[in-house]
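Visitor: coords below, sequence missing:
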């Protein structure tokens, strides 16, 4: 288990960078339109990261692509809901 983690640690570092950058950009700006744009771009890069990770490791399937798209869509729906209920959007 740990050897698999260490083997893929660079992929996980990139994932943490993508998600952290998206989080920091949304927290440091009060413009709701900009926040939504950052969330959409972050979600796009999350889905792209997942697909590329599995493509490089030769285990990409349509099931995995759909899973990343659904998780990204679910995350977008949650963030849109939170932004819409938090104020002037």
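Guide: Noted; the coordinates are in hand. Quick caveat: nothing in here was measured; it's all calculated off a predicted structure.

Visitor: tell me which element residue 25 is part of?
Guide: Of the helices and strands defined by DSSP states H and E, residue 25 is found in helix 9-27.

Visitor: ok, now residue 54?
Guide: For residue 54, the secondary-structure element it belongs to, assigned by DSSP H and E, is helix 32-56.

Visitor: tilt between the helix or strand following that helix and helix 32-56?
Guide: Remark: after helix 32-56, the chain's next helix or strand is helix 62-85, criterion DSSP H and E. With axes from the mean of the first three to the mean of the last three Cα atoms, to 10 degrees as the criterion, the two stretches helix 62-85 and helix 32-56 enclose an angle of 170 degrees.

Visitor: give the buried residues for helix 62-85.
Guide: For helix 62-85, the buried set under the neighbour-count rule, 16 or more other Cβ atoms under 10 Å, comprises 68, 72, 75, 76, 79, 83. (Glycine included, C-beta is placed from N, CA and C.)

Visitor: who are the packing partners of it?
Guide: In this structure, helix 62-85 makes packing contacts with helix 32-56, judged by 3 or more Cβ pairs under 8 Å, 6 or more residues apart in numbering; DSSP states H and E.
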